[in-house]
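Participant: pasting a predicted model and its sequence here:
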Amino acid sequence: MAEGFVIRRPLPEFGLWEKMADGRAVFSFDFEATARCNLDCRHCYINRPAGDKAAKTRELGVDEVGRIGAEAAARGAVWCLITGGEPLLRNDFFDLYQALLSKGLLLSLFTNATLVTDEHVRFFKKFPPRDIEVTVYGVTRETYERVTRTPGSFEAFMRGLDRLLGSGVTIRLKAMALRSNKHEIAAIGDFCRARTKDYYRFDPHLHFRFDRDEARNTAIRAERLSPREVARLERLDPERFGALKAACGDLLPADPPPGSHVPECRHIFRCGVGQRSFVIGPEGYLRPCLSLHHPDFLYDLRKGSLTDAWQRFLPKVLARESDRAEYLERCGKCPLVNLCLWCPAHAYLETGALDRPVDDFCRIAEARAEALKSG
Amino acid sequence: MTEKIDLSRTYAPSDDVVVREIEGEIVIVPLTSGIGDVEDECFTFDEWGRAVWSKIDGSRPLETVVQELLDEYDAPAGLLKGEVVGLLQELYERRMIVDKG
């Protein structure tokens, strides 16, 4: 018989983690509660206007979310990230949250914090998520609202963030690095680190729009930092640079000997996508990862089951190979692949093809490699 | 919460937790605050705790559960009863079970 009774363990120490790592099994999923947002950020890849009635009408209802959550939990899902758009725009947010929580899922939430009320704080105190992540677009009104293009949003953000920070829930802060706030990135880092003991991270990679809106993509392109600026920002952040170095530094090849051969691989998915997780969009389409919006990779959960999607659909579509010589000769053999943003999802957003190299990504990988070599 | 576990009473899982079996392991997920450090911790049982937990379903008094376990396990009655009461006391104090009367 046991010496102790109930065993209390930090999540990473649960044996089920190791067991799940042994084979393909559902571990987590992201749920985009809505594509709508009350902000209109210059760089956003997904947002629809808050009042978009058509988008709202198509969103999954609480019962549908509950059904999908139950199926995911039955397949072993432990963790669910509720994201958007802005999830708090949903009038039924509390019900959606409860529908997932009641299945025994550990919940995380991404929010811009501008809509957080005292009622949300009371709710989160009673039913705590594992964490809430908030993006900080700027630390002055001018910069914040230059990014969000929404007057009054900075005040609302500060008010909401203060409420969350006072709630006792774990709050994590992060930033997007874009041309409109580049001059404040260091100050954003200081702002975040002063408010939470948890990690702070920034992301300099701006995805193109999922809806392929060319006008918005042009605006996103204009907000992107150059490869050198990205590498420099990463170099200036000791935590981030250290992590990059630890993860990728050893993988950097010395100048490859002439005639050296890198084995050819025709598979385009090399990242483990669809092995542990999936994403559910606002309208109930399951897809393998957040960035992958190619129609061949969408499974309608309103018409089928999560089990069918996981067991039959995903393995089939993710086995896709490429015959494109350009891909096989470049990405397929590239020694900098671990420093590169390239993946089929990003390639599709950038070029309209899943297996086409993206020159801008090559430049970023090269700039990172240069920084690591000199660093 | 220091009430003693009473063998004549019936206990059931609390609505404040969800108990799941994932990859063969029992995981107790707190739904509300105050049960554990929700961010970093969940709870589980060893094999013995799991056997007891499976019988705590609000359908019968604890003394019946103890008798069933005595039928299934080769253990001295006093020791087994003490283990069951100890486990339920901890579960009760953690608000993972409730007294159904």
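Facilitator: Happy to help now that I have it.

Participant: which residues touch A:Ala175?
Facilitator: Listed by C-beta atoms under 8 Å, 6 or more residues apart in numbering or on different chains, the contact set of A:Ala175 reads A:135-137, A:181, A:185, A:188-189, A:192, A:200-203. Any C-beta I mention is one placed from the backbone N, CA and C, and that applies to glycine too.

Participant: which of the residues you listed fall in helices?
Facilitator: A:185, A:188-189, A:192 (DSSP state H).

Participant: pick out the residue in the stretch 51-200 of chain A sitting closest to chain B.
Facilitator: A:Gly104 (3.3 Å; C-beta to the nearest C-beta).

Participant: list the buried residues for stretch A:296-305?
Facilitator: A:297-299, A:301 (16 or more other C-beta atoms under 10 Å in any protein chain shown).

Participant: including pLDDT and distance to A:Leu286, could these go into CSV?
Facilitator: Listed next are these as CSV, based on pLDDT from 0 to 100; distance: C-beta to C-beta, whole Å:
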residue, pLDDT, distance to A:Leu286
A:Phe297, 96, 9
A:Leu298, 97, 7
A:Tyr299, 98, 4
A:Leu301, 98, 5
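
Participant: does any bit of stretch B:50-65 sit next to chain A?
Facilitator: No. Stretch B:50-65 is not in contact with chain A by C-beta under 8 Å from any C-beta of the partner chain; minimum separation 8.7 Å.

Participant: show me where the stretch 201-350 of chain A has its strands.
Facilitator: Per DSSP state E, counting those that start in this stretch, the stretch 201-350 of chain A carries strands over the ranges A:277-280, A:285-287, A:299-300.

Participant: what's the answer for chain B, then?
Facilitator: Taking DSSP state E, the strands of chain B run over residues B:11-13, B:17-22, B:25-30, B:41-45, B:97-99.

Participant: what angle sits between the second one and strand B:25-30?
Facilitator: It refers to strand B:17-22. Per axes from the mean of the first three to the mean of the last three C-alpha atoms, to 10 degrees, the angle that strand B:17-22 makes with strand B:25-30 is 160 degrees.

Participant: now check strand B:17-22, is it near chain A?
Facilitator: Yes. Judged by C-beta under 8 Å from any C-beta, strand B:17-22 and chain A are in contact via B:18-20, B:22.

Participant: now for these: which two are most distant?
Facilitator: B:Val18 and B:Ile22 (11.3 Å; C-beta to C-beta).

Participant: these two: which has the busier surroundings?
Facilitator: A direct count of neighbours by other C-beta atoms under 10 Å in any protein chain shown for B:Val18 and B:Ile22 places B:Ile22 higher, at 25 against 18.

Participant: my read: the more buried one touches A:Gly76, true?
Facilitator: Yes. Using C-beta atoms under 8 Å, B:Ile22 makes contact with A:Gly76 at a distance of 5.1 Å.

Participant: hmm, back to that, buried only: go through the contacts of A:Ala175 for me.
Facilitator: Here, 16+ other C-beta under 10 Å leaves A:135-137, A:181, A:185, A:188-189, A:192, A:200-202 buried among the contacts of A:Ala175.

Participant: turn these into a markdown table, including distance to chain B and pLDDT.
Facilitator: Putting the buried ones among the contacts of A:Ala175 into a markdown table (distance: C-beta to the nearest C-beta, whole Å; pLDDT from 0 to 100) gives the following:
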| residue | distance to chain B | pLDDT |
| --- | --- | --- |
| A:Thr135 | 20 | 97 |
| A:Val136 | 21 | 98 |
| A:Tyr137 | 25 | 98 |
| A:Asn181 | 29 | 97 |
| A:Ile185 | 27 | 94 |
| A:Ile188 | 24 | 96 |
| A:Gly189 | 23 | 93 |
| A:Cys192 | 18 | 96 |
| A:Tyr200 | 17 | 87 |
| A:Arg201 | 17 | 88 |
| A:Phe202 | 22 | 91 |
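
Participant: just for the stretch 201-350 of chain A, where's the confidence low?
Facilitator: A:249-264 (pLDDT under 70).

Participant: list the contacts for the closest residue to chain B within it?
Facilitator: Closest residue of the stretch 201-350 of chain A to chain B, C-beta to the nearest C-beta: A:Arg276 (12.6 Å). With contact set as C-beta under 8 Å, 6+ apart, A:Arg276 has these partners: A:20, A:24-28.
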